[in-house]
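Q: Need the 3D shape of this:
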Amino acid sequence: MAGRTNTPGQSVSRRLLTVLDCFDVAHPVLTLTEVATRSGLPISTARRLIGELREWGGLERLDDGRYRIGMRLWTIGTLAPQQRGLREAALPYMHDLFQATQENLQLTVLEGMQALCIEKISSTKAVPTRTEVGGRLPLHATGVGKVFLAFSGNDLLRSVVEAGLARMTPHTITQPGRLAATLEEVRKTGVAYSYEEMTLGAVSVAAPILGLDGRVRAALGIVAHSRAAVDRLAPAVRTAALGIARWAG
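A: Numbers count the residues shown, from 1 in each chain. Got it, this is the predicted structure:
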């Protein structure tokens, strides 16, 4: 659970960060009690820290008394160079790709042992997905995740395997040897697929966005209905990823 701590002697700044860490994609709005529970802080301490964050603009209080992240933090977040540069380079290509396919698009970066979604384009006509901007995806069960595993070196794959390959659906690859063979194919073709491995009824295809040094900076993916012929979408995804890489530098 995010931000849980009862560590004595924490600094004020650390406790403020602990309060902010309570909020995530699954918990965008919280009550005072929920913040205290998730952070492990006393109610009185949580109330005081929330007040300081509200005064600074880091949190906002809704009419029903609950709290959410404030515009001050959103403004600061947009300054992150990796996210800003990638998004600016990627959005024109993503819009073109969306017009051509009318399918969900995801732009992700690697964060720890997960893929972090930093931009998304979707349609009500496309297959429903659980991914939101700021959401995280498992590496072994998604197209974008397999891109990172294939192009990030053996250490990352080893860490993911040691942490356990969780079975998300009956189709999830949970055998290390089979996953390694799949990643070898990704390296050969430059595209990665997920066939209902993350969500039943959804398939995906993704391609790497490489930096000038040849390292993977991000992954661009399409998520479609399981009936879609994702192999036909692969060339378009790969072309868009190459275009983004040229502009992102």
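Q: Can you list the low-confidence ranges for this protein?
A: 1-10, 78-84, 130, 248-249 (pLDDT under 70).
Q: who touches residue 191 in this structure?
A: Residues near residue 191 by CB atoms under 8 Å, 6 or more residues apart in numbering: 205-207, 234, 237-238. Using the backbone N, CA and C atoms, a C-beta is placed for each residue, glycine as well.
Q: of these, closest to residue 59?
A: For the contacts of residue 191, the minimum distance to residue 59 (CB to CB) is 34.8 Å, reached by residue 206.
Q: Name whatever forms a beta bridge with that closest one.
A: residue 192, residue 221 (DSSP bridges).
Q: Contact partners for it?
A: The contact partners of residue 206, by CB under 8 Å, 6+ apart, come to 106, 142-144, 146-147, 191-194, 219-222, 237.
Q: Likewise for residue 169?
A: For residue 169, the contact set (CB under 8 Å, 6+ apart) comprises 141, 196-200.
Q: hang on, the earlier thing: residue 187: which of the contacts of residue 191 is nearest?
A: Closest approach between the contacts of residue 191 and residue 187, by CB to CB: residue 207, at 12.0 Å.
Q: On the three-state scheme, residue 170 is what?
A: Recorded secondary structure, residue 170: coil (DSSP: H, G, I helix; E, B strand; the rest coil).
Q: Pull the number of nearby residues for it.
A: 8 (other CB atoms under 10 Å).
Q: same deal with residue 147?
A: Neighbours of residue 147 using other CB under 10 Å come to 30.
Q: Check the one 5 residues further on too.
A: When neighbours are defined as other CB under 10 Å, residue 152 has 17 of them.
Q: what does residue 150 give?
A: 26.
Q: Pull out the CA atoms of the longest helix seen in the chain and give them to me as PDB.
A: The helix that spans the most residues within the chain, counting by DSSP state H, is helix 81-101. Output of helix 81-101 as PDB, limited to C-alpha atoms (Å, rounded to 0.1, in the frame of the first residue of the first chain):
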ATOM      1  CA  PRO A  81      12.100  16.600 -19.400                       C
ATOM      2  CA  GLN A  82      11.700  13.000 -20.400                       C
ATOM      3  CA  GLN A  83       7.900  13.100 -20.300                       C
ATOM      4  CA  ARG A  84       7.600  16.600 -21.900                       C
ATOM      5  CA  GLY A  85      10.000  15.900 -24.800                       C
ATOM      6  CA  LEU A  86       8.600  12.500 -25.500                       C
ATOM      7  CA  ARG A  87       5.000  13.700 -25.400                       C
ATOM      8  CA  GLU A  88       5.700  16.600 -27.700                       C
ATOM      9  CA  ALA A  89       7.500  14.400 -30.200                       C
ATOM     10  CA  ALA A  90       4.900  11.600 -29.900                       C
ATOM     11  CA  LEU A  91       1.500  13.300 -30.000                       C
ATOM     12  CA  PRO A  92       1.500  14.200 -33.800                       C
ATOM     13  CA  TYR A  93       2.400  10.600 -34.700                       C
ATOM     14  CA  MET A  94      -0.100   9.200 -32.200                       C
ATOM     15  CA  HIS A  95      -2.900  11.300 -33.600                       C
ATOM     16  CA  ASP A  96      -2.100  10.200 -37.100                       C
ATOM     17  CA  LEU A  97      -1.900   6.500 -36.000                       C
ATOM     18  CA  PHE A  98      -5.200   6.900 -34.100                       C
ATOM     19  CA  GLN A  99      -6.900   8.400 -37.200                       C
ATOM     20  CA  ALA A 100      -5.800   5.400 -39.200                       C
ATOM     21  CA  THR A 101      -6.700   2.700 -36.800                       C
END
